[in-house]
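J.: Build me a structure from this.
(one chain, ligands or ions: 2)
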Amino acid sequence: MTSRHDRPTPSAFSWWRNAVVYQVYLRSFADGNADGIGDITGLRSRLEYLRDLGVDALWVNPWYVSPLNDGGYDVADYRQINPEFGTLDDAVALMAEANEMGLRVLADLVPNHTSSEHRWFQEALAGSPGSEARARYHFRPGRGVDGSGPPTNWTSVFGGSAWSRVPDGEWYLHLFDRTQPDLNWDNAEVRAEFRDILRFWLDLGAAGFRVDVAHGLAKDPTYPDLERAETPLTIVEDTAAHPFWDRPALHDVVREWREILDEYPGSVMVAEAWVADWNRLAAYLKPDEYHQVFNFHFLQSPWEATRIRESISVGFNAARAQGALPTWVLSNHDVVRHPTRYGLPQDLDARAWLLDGDRDLLDSDLGLKRARAAILLMLGLPGSAYLYQGEELGLPEVHDLPLDVLDDPVWEKSGHTLKGRDGSRVPIPWTRDGDSFGFGADGSWLPQPEGWGSFSHQAQAGIEGTTLELYRTALRIRRELRSDDESLEWLDLGPDVVGFRRGSGMLVMVNLGREPVEILEGEPLIFSDDVPDGLLPADTAIWIAGPPNSR
Ligand code: GLC
Ligand code: CA
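T.: Ligands and ions are numbered 1, 2, ... in the order given. Coordinates of the predicted model:
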């Protein structure tokens, strides 16, 4: 019996609203068969670690058959596992085991493009201009007398032209690497195929999808030129009339997918949409579209109270207006890990710094201190939080990878102007010493730096004050306090302090200034670092149990 005064119980079907999702970059998580490459067997052997960490779900980066030109975001077969990662049976077993432990598994859906090794693209190459096989992609004649110029001036996210030419003279579109041809989402066969792929994984036990390049699916069918050239890996500020980013037509596709997900109660889709304008981003969260969209504004915000507060409130309000909740994320496989970002001057472009920036600018201790404060900030917020593997160990970006080991296509395609994203993808250290620090029994596909073992699980587990224990404790408290409360009440604690109260009464304070500040009354639940004298030092966060809000 429920009475008027009872709060609604959070439905099991909306588990995701406040969930903590752990991103597994499979290649670098744990290697089960001693070939230096992370795999499903390795992941299965570490599931208990993830359960004990206290997360609710895993998002596994693409594990499909792929030549791995872009770390698996170049899919050759959407229904098979890459042999380097295991078999389909392994994937099914993983999902079943994880589910039994209470961990849901999100697959990574890559709908914007296939690999050039996908059967469809091979058929397109064998086909002729105007053929049905080519209609599944964006094939166009070139410009100039002999068609030797690309059809438009569109640039690839990784650098260079977004068009490549095939032997018969036509050009095909690839917003990323040339081995990642963009699919034509106006094509009925493409749409049908992906409906089927969604069902395939949901039937096998996936709880849903992280959707790659969700803002790229629709292209302007008139293929106009860009007004301004775009530089690699940057986010376009204004997508209002962009020829390929964030076009309204993509929302039809999303609604089609959502209908399928609604047949699988409890399943969820989260959009990777690099769209700067929240008014536009909010459209992805309509009740018949995505359940979640990553809030990259928060991730991109420098360590500065005003900017952080703003990124939180804008994201929170925009999501709430759609009846959704925001998601929060500080790191992933595409960005410089946040302890390194926060350890550099905040007006510096960390990505550019990776290649040839002054190493003396990096203050690693400061970066880690801020990262620890930032995680209490993030996990204190209403909504769901995405963690990137290794951040619970405080892993920094590996900024000194030798150039000859770089694997990310960004390095080549940017004409050696950007080092790329490999520094965030270095295999995880599990033990203090030993071959590849416990990642596997025979090396690791990217070299791990000296001293990597000091960050390992073994070096931190059970030891008070470590970053791993900070995460565990914070996740435990977050679970214990979890309620259906989705409110956020800002506290005015001065310009340099980010402070808010949750409906449970929990107070969160983060000091981004230089001077210590007075701590609010209540029982301290957790600190990101020592608090020597009742004052909250710079770059430190605290959770405090206050009286529950009266509502
Ligand atoms: C997404 C992925 C990134 C990949 C790109 C192309 O942004 O997160 O790793 O390179 O899409 O698929
Ligand atoms: Ca392996």
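J.: Over to the closest residue to ligand 2 within the stretch 51-200 of the chain. Which of the three states is it?
T.: In the stretch 51-200 of the chain, the residue that lies nearest ligand 2 is residue 84 (6.5 Å; C-beta to the ion). (Each C-beta comes from the backbone N, C-alpha and C, glycine too.) With DSSP: H, G, I helix; E, B strand; the rest coil as the basis, the three-state label of residue 84 is coil.
J.: Where does the closest residue to it other than its chain neighbours sit: helix, strand or coil?
T.: Excluding the flanking residues, the one nearest residue 84 by C-beta to C-beta, 6 or more residues apart in numbering is residue 37, at 5.3 Å. Here residue 37 is recorded as coil under three-state DSSP.
J.: List the contacts of the residue of the stretch 51-200 of the chain closest to ligand 2.
T.: By C-beta atoms under 8 Å, 6 or more residues apart in numbering, the residues touching residue 84 are 35, 37, 39, 68.
J.: out of these, which are buried?
T.: 37, 39, 68 (16 or more other C-beta atoms under 10 Å).
J.: ok, the second one touching residue 45?
T.: Spelled out, that is residue 39. No - taking contacts as C-beta atoms under 8 Å, residue 39 lies outside contact range of residue 45: 9.9 Å.
J.: list residues touching both of those two?
T.: Between them, residue 39 and residue 45 share the contacting residues 30, 32, judged by C-beta under 8 Å, 6+ apart.
J.: secondary structure element for residue 324?
T.: For residue 324, there is no helix or strand it lies in under DSSP states H and E.
J.: Near it, how many other residues are there?
T.: Applying other C-beta atoms under 10 Å, we find 22 residues neighbouring residue 324.
J.: swap in residue 415?
T.: Neighbour count of residue 415, defined by other C-beta under 10 Å: 10.
J.: ditto for residue 425
T.: Using other C-beta under 10 Å: residue 425 sits among 25 other residues.
J.: and it, how far is that from ligand 1?
T.: As for residue 425, its distance to ligand 1 is 9 Å (criterion: C-beta to the nearest ligand atom, to the nearest Å).
J.: how close does the residue nearest the centre of the chain sit to residue 59?
T.: The centre of the chain sits closest to residue 332, judged by C-alpha atoms, centre = their mean, with a distance of 4.5 Å. Noted for residue 332: a distance of 9 Å to residue 59, by C-beta to C-beta, to the nearest Å.
J.: Contacts only, for residue 157.
T.: Neighbouring residues of residue 157 by C-beta under 8 Å, 6+ apart: 175-176, 232-233.
J.: Which residue would be the closest one in the stretch 351-500 of the chain to ligand 2?
T.: Closest residue of the stretch 351-500 of the chain to ligand 2, C-beta to the ion: residue 440 (6.3 Å).
J.: three-state assignment of that residue?
T.: Following three-state DSSP, we place residue 440 in the coil state.
J.: again, but for residue 191
T.: helix.
J.: and for residue 332 and residue 59, which residues touch both?
T.: Counting by C-beta under 8 Å, 6+ apart, the residues touching both residue 332 and residue 59 are 23, 386.
J.: Tell me the confidence at the residue of the stretch 51-200 of the chain closest to ligand 2?
T.: Looking at residue 84, its pLDDT reads 97.
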